[in-house]
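Novice: Attaching a predicted model along with its sequence, questions to come.
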Amino acid sequence: MAHNAIQRFEMPFMDDHRRAALQGVLAQFAPTRAPASVLGPHTRRRVDLVVSRYLEPVQWIHEASERVDRVFLYEKGSPTDEPLPPNVVRIQLPNIGRESQTIFFHLLSEHWRGAGVTCFVQGTPFDHSPNLLSWLGSGPDDVSAFQSLAEQMIHEHVFPEIPDRITERAVAGESFQFIEGALRADDLSGHFLRKEQPGVVSTHDILSFWNWMFAWTVTPPDPIYFSYGAHFAVKSELVSQRPYKWWQHLSGAFSHPDFFHNAPWILETMWRYLFDLDLPVLTADQTDVDFLQQFTHFRTPYPQKPTPEQVIATARTQLAEAAQADGLDIQQMSVPEIRVFADRQLQHDTERPPLYHISLGAESPKASSETDTTSPMTVG
């Protein structure tokens with residue numbers, strides 16, 4: 001399966017590193033396509049399907065319910081009035097936290113107990129998982145731990161459009177590099193500005209989130225494997241082997257008003273690692289209010305919503321003034337020199353929360369004693 005899919009991606013731009021990364025995705029996380037003849041109910045494992053719905057149509061759930069033991073339909077918009085099969089459990093939730101809060105609610109309610117495998121999808125799953133119904137017939141029996149269900153992105157080489165962003169190296173870092181469903185770790189500190197949300201900076205500050213999640217004890221892998229749309233299947237025993245308080249801490253943090261405003265999108269890249277038992281768990285003091293106050297700067301930092309050009313101009317002006325105070329001319333400095341200078345300025349800025357330095361690539365919340373000349377300068 002993986003070999004055939006790899007052959008479909010024989011393109012000139014795919015070097016050995018990218019091909020190896022893609023092989024890892026397909027071999028470890030890509031779902032196996034069930035043959036058309038295998039459409040009946042599974043024969044071994046008990047399987048639950050969890051659907052996070054807003055207002056999407058639910059007709060497909062009729063067929064899905066025939067292939068699993070239970071369907072948990074979480075509705076965050078107006079509930080559907082369509083009659084559904086008896087093995088569909090309907091639960092109304094407030095419309096907060098997108099699919100991540102739905103997943104946490106399901107884990108904390110312990111509805112997953114009794115299932116061998118739990119599959120999580122959104123209300124319209126077929127954009128990401130066009131063969132979901134076929135896969136539910138036999139695929140769950142092959143889940144060894146965690147498995148991506150976003151096969152469309154892998155097998156069809158169809159990826160979500162990368163949003164427009166400021167890519168000037170000296171100000172907003174470099175563009176993300178996607179490797180067929182994986183995000184390279186050296187792009188984790190990517191802060192960028194969206195044209196449709198010009199006032200929101202640090203839209204996907206994944207590195208800070210990763211370091212908070214694992215208490216600065218784990219270096220992110222390269223590349224990071226994730227499932228688009230938070231469509232995945234996981235063995236229930238992995239859920240049970242994580243402390244209950246672990247899920248409580250995470251859910252509580254995501255509900256806090258001063259936490260990452262874009263946590264659900266960042267969390268989309270993290271689910272596989274939350275179920276990795278080799279990684280540490282959060283401690284209680286990492287989710288209290290005082291700790292979370294450090295994240296206030298990740299919310300919209302510019303009430304006036306300046307344009308991206310204004311943000312860049314402001315950053316340049318501030319850097320130029322700081323350089324002039326040190327007897328330097330920023331116009332004569334190279335891009336690497338500007339990045340190093342910016343890092344040093346921020347590390348001496350005591351008004352910034354400690355975690356601000358993580359966005360520049362530091363390894364701990366404290367200012368590093370050595371300058372990292374590879375860290376991209378970011379605007380935050």
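Specialist: Perfect, I can see it now. Numbering: from 1, shown residues only.
Novice: Report the secondary structure state of the closest residue to residue 111 other than its chain neighbours.
Specialist: With sequence-adjacent residues excluded and distances taken as C-beta to C-beta, 6 or more residues apart in numbering, residue 111 is closest to residue 72, at 6.0 Å. C-beta coordinates here come from the backbone N, C-alpha and C atoms, glycine included. Following DSSP: H, G, I helix; E, B strand; the rest coil, the label given to residue 72 is strand.
Novice: same check, this time on residue 64
Specialist: Quick answer, by three-state DSSP: residue 64 is helix.
Novice: That one contacts residue 48, correct?
Specialist: No: under the criterion of C-beta atoms under 8 Å, residue 64 makes no contact with residue 48, lying 11.2 Å away.
Novice: all strands of the stretch 101-250 of the chain, in order?
Specialist: Under the criterion DSSP state E, counting those that start in this stretch, the stretch 101-250 of the chain carries strands at the ranges 117-122, 146-148, 182-183, 224-225, 232-235.
Novice: quick one, which of the ones you listed is nearest to residue 270?
Specialist: When the strands of the stretch 101-250 of the chain are compared by C-beta to C-beta, strand 224-225 sits nearest residue 270, at 8.5 Å.
Novice: what is the mean pLDDT for that closest one?
Specialist: Per-region confidence: strand 224-225 scores 65 on mean pLDDT.
Novice: Low-confidence regions, the stretch 101-250 of the chain specifically.
Specialist: 151-208, 215-216, 221-228 (pLDDT under 70).
Novice: let's see it at 80
Specialist: 127-129, 148, 150-229, 246, 249-250 (pLDDT under 80).
Novice: what is in contact with residue 64 and residue 48 at once?
Specialist: Common contact partners of residue 64 and residue 48 (C-beta atoms under 8 Å, 6 or more residues apart in numbering): residue 71.
Novice: These two - which one has more neighbours?
Specialist: residue 48 (25 against 20; other C-beta atoms under 10 Å).
Novice: what's the closest non-adjacent residue to that one?
Specialist: residue 115 (4.1 Å).
Novice: Quick check: the one you found touching residue 49?
Specialist: No: using C-beta under 8 Å, residue 115 makes no contact with residue 49, being 9.5 Å away.
Novice: list the residues that contact both of these two?
Specialist: With C-beta under 8 Å, 6+ apart, residue 115 and residue 49 have common neighbours residue 70.
Novice: Pick out whichever of these two has more residues nearby.
Specialist: residue 49 (27 against 23).
Novice: The more buried one belongs to a helix?
Specialist: No: counting by three-state DSSP, residue 49 is not found in a helix; it is strand.
Novice: Surely it touches residue 71?
Specialist: Yes: using C-beta under 8 Å, residue 49 is in contact with residue 71, at 4.8 Å.
Novice: between those two, what contacts are shared?
Specialist: Shared contacts of residue 49 and residue 71, defined by C-beta under 8 Å, 6+ apart, comprise 64-65.
Novice: thinking again about what came up before, quick check: the gap between the residue nearest to residue 111 and residue 250.
Specialist: For residue 72, the distance to residue 250 (C-beta to C-beta, to the nearest Å) stands at 19 Å.
Novice: Residue 232 too?
Specialist: Taking C-beta to C-beta, one finds residue 232 at 16 Å from residue 250.
Novice: next one: residue 99
Specialist: On the measure of C-beta to C-beta, residue 99 and residue 250 end up 14 Å apart.
Novice: cool, residue 52 as well?
Specialist: Per C-beta to C-beta, residue 52 is found 16 Å from residue 250.
Novice: now do residue 65
Specialist: From residue 65 to residue 250 the distance is 29 Å (C-beta to C-beta).
Novice: The two: which has the busier surroundings?
Specialist: When residue 65 and residue 250 are compared for neighbours, residue 250 comes out ahead with 24 against 19, by other C-beta under 10 Å.
Novice: Test my guess that the more buried one contacts residue 103.
Specialist: No: using C-beta under 8 Å, residue 250 makes no contact with residue 103, being 9.9 Å away.
Novice: Spit out the residues that contact these two alike.
Specialist: With C-beta under 8 Å, 6+ apart, residue 250 and residue 103 have no common neighbours.
Novice: How many neighbouring residues does residue 74 have?
Specialist: 21.
Novice: Next: the one 10 residues further on.
Specialist: The burial count assigned to residue 84 is 16, neighbours taken as other C-beta under 10 Å.
Novice: got a list of what the nearest residue to it once chain neighbours are set aside touches?
Specialist: Once flanking residues are discounted, residue 84 sits nearest to residue 61: 6.3 Å by C-beta to C-beta, 6+ apart. Going by C-beta under 8 Å, 6+ apart, residue 61 touches 51, 71, 73, 84-85, 88.
Novice: Out of those residues, who's the most crowded?
Specialist: Neighbour counts for these (other C-beta under 10 Å) peak at residue 51, which has 25 neighbours.
Novice: Hmm, that one is touching residue 121, no?
Specialist: Yes: counting by C-beta under 8 Å, residue 51 touches residue 121, with 5.8 Å between them.
Novice: the helices in the stretch 51-200 of the chain, which residues?
Specialist: Counting by DSSP state H, counting those that start in this stretch, the stretch 51-200 of the chain has helices at residues 60-65, 98-109, 132-138, 151-155, 169-172.
Novice: do you know which of the ones you listed lies nearest residue 238?
Specialist: helix 98-109 (10.7 Å).
Novice: angle of the closest one against strand 117-122?
Specialist: 150 degrees (axes from the mean of the first three to the mean of the last three C-alpha atoms, to 10 degrees).
Novice: just checking, what packs against helix 98-109?
Specialist: In terms of contacts (3 or more C-beta pairs under 8 Å, 6 or more residues apart in numbering; DSSP states H and E), helix 98-109 is packed against strand 47-53, strand 70-75, strand 117-122, helix 244-255, helix 263-267.
Novice: Cool, thanks, signing off.
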